[in-house]
Structures are given as structure tokens and as C-alpha cells.
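# with the input below, show me the fold.
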Amino acid sequence: MKILSQIINGVKGGIVAALKGVADISGAITGAVKNVAVSTLKGIGDIGETTLEAVGGIVKGAIAGLSEIGTKMIGSIKGVVSGAIQGAVEAGGRRREATRGAIRQAIYSAKETGEDLGQIAVEAVHGAIDAAKSIGGNVVETTHDAVKAAIEATEEVSKGAVSVVKESLEKAIEGAKDILSEIK
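Here you go, the predicted model:
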């Protein structure tokens, strides 16, 4: 748990340092999160088995850093998720675990901050898809993993919001309806 706390605090500080005073924060989020993720994760050694938790810490730290500089979660979560996944894979993590960890933490953080779970789920899944495209991953498989992770995390934080998240994903994510019918 101590290492996770160090990851969160380190990422928060790194994001604040990287983005404070930047004019186009939304355009810089993905790269900043990716760079901070790579340096953070390479610093902890072999992340293979801990990718899910480590990437969750990256996302939580990035959200905290962005909040500190006044950036709203809804406008930044796509870039945070994309950057966290790209950075984790570059640092030696597994794409599937990185996707699950990033999406799950996005949902947990949305619940903690009172954000719209449906909107955050959609933006987080878009971030995972962007990451897959950037790293040359399988977009269909990534979409499946991301949608499934969003639903699982929503079930954990708010059973009442599951139908809203499903509806949001079905409307905004190509193929989500088929994925959701598979995992019922």
C-alpha cells in the first residue's frame, strides 16, 4: 500500500509540474501523463504483476494533479486514461491490465468526486481506444476490455448507476451493445 501511495503522490506532483502554466492543457494531458507514468513505473522495477494497481495509482494521481491546477475531470479523463495506458505499456506493463486498471480507477474517482459515471465511463473507454491506436494494440479487444472494466467498476461503486453507464456506453461506443449483451 505504501508504494501505491508513493505512486499517487509522485504522479500528482509530476502532473502539476508538467502542466502548470501550459496554455492548452487538454492537448498536453496525454503526453504529460504518459511521460510521468513511464518514469514512475520504470522506477518501481518489474510492473508485470502489479500493472492493474500501479496504473490505477497513475490515474488517481493524475486526476488529483489536474484538480489541483483547476482542470475538470470530465474534460481530462480521456487523456489521463490514454496516457496512463501508453506509459504503462512502454514501461513494461501488460496492455490488458493497464486498460482495466485505468478504467476502474476512472470510475472509482468519478464516484468519489460526484462526476457523472456515464460520461466518465464513455470518456475513459475512448481514452483506452486512443491508447490502443497509439501503441498499435488491438482496438476491438481493448474496447471489449474497457467496456467490461467500466461495468464491473460501476457495479462495485453504485449498483443503481449500472443501467445509466450501460446506456451511455451503448450510445457512444461502437460495438458496446454487443459487448454488454455478452457480459450480462
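# CA only for contacts and neighbour counts going forward, please
Fine.
# quick one: the helices in this structure?
For the chain, the helices defined by DSSP state H cover 2-19, 25-43, 51-68, 73-90, 95-113, 117-135, 139-157, 162-172, 176-182.
# buried deepest among those helices, which one?
helix 73-90 (a mean of 28; mean count of other C-alpha atoms under 10 Å).
# hang on, the earlier thing: export the helices of the chain to CSV and tack on mean pLDDT?
Listed next are those as CSV, based on pLDDT from 0 to 100:
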stretch, mean pLDDT
helix 2-19, 89
helix 25-43, 90
helix 51-68, 92
helix 73-90, 95
helix 95-113, 95
helix 117-135, 97
helix 139-157, 96
helix 162-172, 94
helix 176-182, 88
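# which residue packs closest to Ala121, ignoring adjacent ones?
Ala150 (6.0 Å; C-alpha to C-alpha, 6 or more residues apart in numbering).
# surely that neighbour touches Arg104?
Yes: with contact defined as C-alpha atoms under 8 Å, Ala150 counts as touching Arg104 (6.1 Å).
# for Lys20, see how far away Glu156 is.
Here Glu156 is placed at a distance of 34 Å from Lys20 (C-alpha to C-alpha, to the nearest Å).
# one more: Ser5?
22 Å.
# swap in Leu66?
Between Leu66 and Lys20 the computed distance is 9 Å (C-alpha to C-alpha).
# burial count for Ile183?
If you count neighbours by other C-alpha atoms under 10 Å, Ile183 ends up with 11.
# is it in contact with Val147, as I believe?
No: in terms of C-alpha under 8 Å, Ile183 does not count as a neighbour of Val147; the distance is 9.8 Å.
# may I have the phi/psi pair for Gly137?
phi -90, psi 170 (degrees, to the nearest 10).
# ugh, wrong one, I meant Arg94
Torsion angles, degrees, to the nearest 10, at Arg94: phi -90, psi 130.
# state the number of residues packed around it.
18.
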